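**Student:** only geometry, no sequence info:
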């Protein structure tokens, strides 16, 4: 049985983290280590975590450094052949690891995600998100032209972060060693990680809801809309560049090129911030021409430079919901969308 390392980044989720921990320790795949990184919690989370006695649990406490840093610290400590992440307010299905590891060992996939059951803060089910097949974060005028009409993991990932959360990835050490961990993104580190993974390795979606993803008032998505929209533009600008000549505009045939034009036009949504996406892309291309090896990272690490781009972000609430439901989190429209979904489901049962 392969050793699986699960990383829980913990921050002020005392109300939820006991269920998260129990869902890991209760896995049918029991050969695991649970690494919990408390990221400077101010509630009593750390006291609860220090009371855990299961020998498979490893706990480290640090000053608040953000989710991506907490995850990276845990990944750096991991000993497993396979790696997984669970946010401290989400819950694994008891068979999640067994099913995911079986898929990873029986196919050429190096990363898998699953359908997710969306729940509210009280654990009430709101619906099942079936990857890119439903709960898209904005209306598509011509869905028959969009990436959603394909079963291509990478293309659909360019359209939205259908994986939705860092809790919804299980991947091999081979993949982690090749692409590294999370980059310095507050809201979209999972989407960026997934695009880098899909650029390099086969990835698969398992058609079973093996994760409960919790929507509640303190999700990260509600904290800074302008910064979040900037990160969406950054992820799209860098993500599309990775796939040009591969799954985008790879064919020289006119019909295939026209098809890609329409697919991009129907699938990519910056919520009115096309200009910022273009500015980011121009910055990266220009700096590379003068020998800067990683200008895209400079936009994340240099606050004054990043803030200059954020100045031009349109945060208008009247626009369509942003591209890509994400637990860490790329879609401020997701809670409203799921509320509408829940209402429709209730009406359907009455």
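**Tutor:** Now that the structure is in, tell me what you want to look at. Note that this is a predicted model, so its numbers are computed, not measured.

**Student:** contacts and neighbour counts: CA atoms only from here.
**Tutor:** Noted.

**Student:** Let me see the contact set for residue 142.
**Tutor:** residue 266 (CA atoms under 8 Å, 6 or more residues apart in numbering).

**Student:** got a list of what the nearest residue to residue 59 once chain neighbours are set aside touches?
**Tutor:** Leaving out its chain neighbours, the residue that sits closest to residue 59 by CA to CA, 6 or more residues apart in numbering is residue 36, at 4.9 Å. If you count contacts by CA under 8 Å, 6+ apart, residue 36 has them with 7, 8, 9, 10, 57, 58, 59, 60, 74.

**Student:** Inside helices: which ones of the residues you listed?
**Tutor:** Mapping those onto helices (DSSP state H) picks out residue 74.

**Student:** For residue 270, state which of the contacts of residue 36 is nearest.
**Tutor:** residue 9 (28.6 Å; CA to CA).

**Student:** Now the residue lying closest to that closest one once chain neighbours are set aside: which helix or strand?
**Tutor:** Distance criterion CA to CA, 6+ apart; nearest residue to residue 9, sequence neighbours excluded, is residue 37 at 5.0 Å. Assigned by DSSP states H and E, residue 37 belongs to strand 32-39.

**Student:** do residue 55 as well
**Tutor:** Judged by DSSP H and E, residue 55 forms part of no helix or strand.

**Student:** Need the per-residue pLDDT for it.
**Tutor:** Looking at residue 55, its pLDDT reads 97.

**Student:** Could you give the number of residues near it?
**Tutor:** 8 (other CA atoms under 10 Å).

**Student:** next one: residue 83
**Tutor:** Neighbours of residue 83 using other CA under 10 Å come to 25.

**Student:** And the helix or strand where it lies, what does it pack against?
**Tutor:** If you go by DSSP H and E, residue 83 is part of strand 82-85. In terms of contacts (3 or more CA pairs under 8 Å, 6 or more residues apart in numbering; DSSP states H and E), strand 82-85 is packed against strand 4-10, strand 170-172.

**Student:** before we move on, the earlier item: what about the residue nearest to residue 59, distance to residue 154?
**Tutor:** 30 Å (CA to CA, to the nearest Å).

**Student:** Kindly report the same for residue 65.
**Tutor:** From residue 65 to residue 154 the distance is 30 Å (CA to CA).
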